[in-house]
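In: all I have is the shape, not the residue letters:
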């Protein structure tokens with residue numbers, strides 16, 4: 001079945017994937033080229049109509065900045081001055097330059113890695129309050145502190161829970177392949193402008209540094225539009241004011257309600273996930289990004305051994321696909337969350353599974369036979385690596401076998417359980 005294409009991203013609810021983790025079903029129709037992750041994201045942004053990039057070097061995302069430092073000036077000559085590249089003196093300066101370009105209506109972007117991304121949080125809060133659309137790329141590395149240069153997924157909380165002060169949520173998308181990073185970046189600008197929101201592409205250093213075949217999307221022309229909010233000079237029109245300062249409480253409340261309505265629309269329309277083998281799964285592995293690529297191998301190995309295991313991969317970290325997870329929790333008996341951190345997304349998984357507690361009952365076993373008392377919701381287990389270590393398939397497989405339900409529920413047992421509910425109620 002189709003697993004998505006650049007035009008189908010708004011909205012995509014649930015994708016069931018039969019093959020590999022690439023999201024673009026139309027890739028075969030385009031020329032494949034070998035690209036490094038960081039550079040592929042940069043080129044995808046250019047082809048999406050990127051007009052202004054502001055950034056500061058930091059490993060492991062520096063190749064993205066370096067690529068644009070030569071690509072955008074070349075296009076500037078071709079496009080008559082409509083492309084800007086500027087290396088700022090710091091991440092603080094870069095995010096405020098993004099702020100300025102965004103309120104002027106330009107398609108603008110910055111990129112950084114974990115410590116640098118932390119420095120941008122105040123600016124992101126101002127941008128959110130001003131409803132200035134922009135795209136950011138976070139190539140996550142080891143932390144906390146200066147940490148190291150190795151890949152992690154430890155920015156999950158900072159990315160999905162706001163980061164800066166105030167009530168706002170950026171849209172956070174987590175690709176698992178270089179192709180998917182290209183496709184998501186290409187469409188991130190459309191999402192940002194549709195909701196006047198911040199869109200973050202969240203990858204770890206593995207995806208930023210790896211090289212894979214990629215089918216690049218077509219080049220878009222830069223469009224100059226007046227949507228009624230851009231600050232472009234008040235010639236022959238009333239002046240416009242874009243600010244994040246609202247001194248009167250009722251005015252600030254109104255702005256927050258606008259952001260809440262925007263967030264509700266995002267949650268209703270932009271939740272994305274990929275599933276493999278979840279139809280009959282008794283244990284479901286939940287992972288995102290490169291951890292999901294590795295987990296996919298372990299899941300296939302487990303199924304080759306006759307274990308009913310599935311894979312659930314959130315593509316949108318925010319909005320998190322909690323409704324679909326809750327639905328799966330009425331069928332699956334165990335969840336194993338795999339992350340490259342100390343346990344962050346696992347909290348969102350547990351919340352989603354908790355919601356299923358009142359939606360279904362699960363027969364258990366006692367002495368090798370079906371126990372007609374009812375056990376609570378499925379349990380959620382966690383396996384994580386930290387400090388820049390990447391989990392290996394055999395480590396994940398070991399946990400799958402450890403947490404796999406001892407006796408599978410047969411269809412007959414499920415039918416008997418359903419009849420028992422009917423007779424007792």
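Out: Structure received. Remember, predicted model here, so these are calculated numbers, not experimental data. Residues are numbered from 1 along each chain as shown.

In: quick one, what contacts residue 55?
Out: 64, 65, 68, 87, 88, 94, 110, 111, 112 (CB atoms under 8 Å, 6 or more residues apart in numbering). Where you see a C-beta, it was placed from the backbone N, CA and C, and this is true even at glycine.

In: element containing residue 245, please.
Out: Using DSSP states H and E, residue 245 maps to neither a helix nor a strand.

In: and for it, the neighbour number?
Out: 9 (other CB atoms under 10 Å).

In: residue 391 now?
Out: Residue 391: 20 neighbours (other CB under 10 Å).

In: what sits closest to it if chain neighbours are left out?
Out: Excluding the flanking residues, the one nearest residue 391 by CB to CB, 6 or more residues apart in numbering is residue 385, at 4.9 Å.

In: one step back: now, of the contacts of residue 55, which are buried?
Out: 64, 65, 68, 88, 94, 110, 111, 112 (16 or more other CB atoms under 10 Å).

In: can you name the two of the residues you listed that sit furthest apart?
Out: 64 and 88 (14.2 Å; CB to CB).

In: re the thing from before, just the ones of the contacts of residue 55 in helices?
Out: Applying DSSP state H to the contacts of residue 55, the entries found in helices are 64, 65, 68, 94.

In: apart from its chain neighbours, what residue comes closest to the first one?
Out: Distance criterion CB to CB, 6+ apart; nearest residue to residue 64, sequence neighbours excluded, is residue 38 at 4.1 Å.

In: pretty sure the one you found is touching residue 57, no?
Out: No. Checked against CB atoms under 8 Å, the pair residue 38 and residue 57 is beyond contact range at 11.7 Å.

In: and stretch 210-225, which residues are buried?
Out: Buried-residue list, stretch 210-225, by 16+ other CB under 10 Å: 210, 212, 214, 215, 216, 217.

In: now the fourth one: phi and psi?
Out: Note on residue 215: its backbone torsions stand at phi -100, psi 110 [degrees, to the nearest 10].

In: do I have it right that it meets residue 32?
Out: Yes. Using CB under 8 Å, residue 215 is in contact with residue 32, at 5.6 Å.

In: contacts for stretch 238-258, please.
Out: Contacts of stretch 238-258 (CB under 8 Å, 6+ apart): 103, 125-126, 129-132, 166-167, 229-231, 234.

In: do I have it right that residue 168 meets residue 318?
Out: No. Taking CB under 8 Å as the definition, residue 168 is not a contact partner of residue 318, at 10.7 Å.

In: out of these two, which sits in the busier spot?
Out: Between residue 168 and residue 318, counted using other CB under 10 Å, the more crowded position is residue 318 (24 against 21).

In: residues contacting that one?
Out: Applying CB under 8 Å, 6+ apart, the residues near residue 318 are 159, 160, 169, 170, 171, 172.

In: among these, which ones are in helices?
Out: 159, 160.

In: now the contacts of residue 318 as CSV including neighbour count and pLDDT?
Out: CSV is the format used below for the contacts of residue 318 (neighbours: other CB atoms under 10 Å; pLDDT from 0 to 100):
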residue, neighbour count, pLDDT
159, 22, 97
160, 23, 96
169, 21, 95
170, 25, 97
171, 24, 98
172, 25, 98
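
In: columns distance to residue 52 on top of the contacts of residue 318, output as TSV?
Out: Output for the contacts of residue 318, formatted as TSV (distance: CB to CB, whole Å):
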residue	distance to residue 52
159	22
160	26
169	24
170	19
171	20
172	22
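
In: closest to residue 357 among the contacts of residue 318?
Out: residue 160 (23.2 Å).

In: distance of the closest one from residue 99?
Out: 21 Å (CB to CB, to the nearest Å).

In: what of residue 320?
Out: For residue 320, the distance to residue 99 - CB to CB - is 27 Å.

In: ok, residue 346 next?
Out: 33 Å.

In: how about residue 125?
Out: Residue 125 is 10 Å from residue 99, by CB to CB.

In: got the buried residues for the helix or strand where residue 265 lies?
Out: Per DSSP H and E: residue 265 is located in helix 249-269. By 16+ other CB under 10 Å, the buried positions in helix 249-269 come out as 255, 259, 262, 263, 266, 267.
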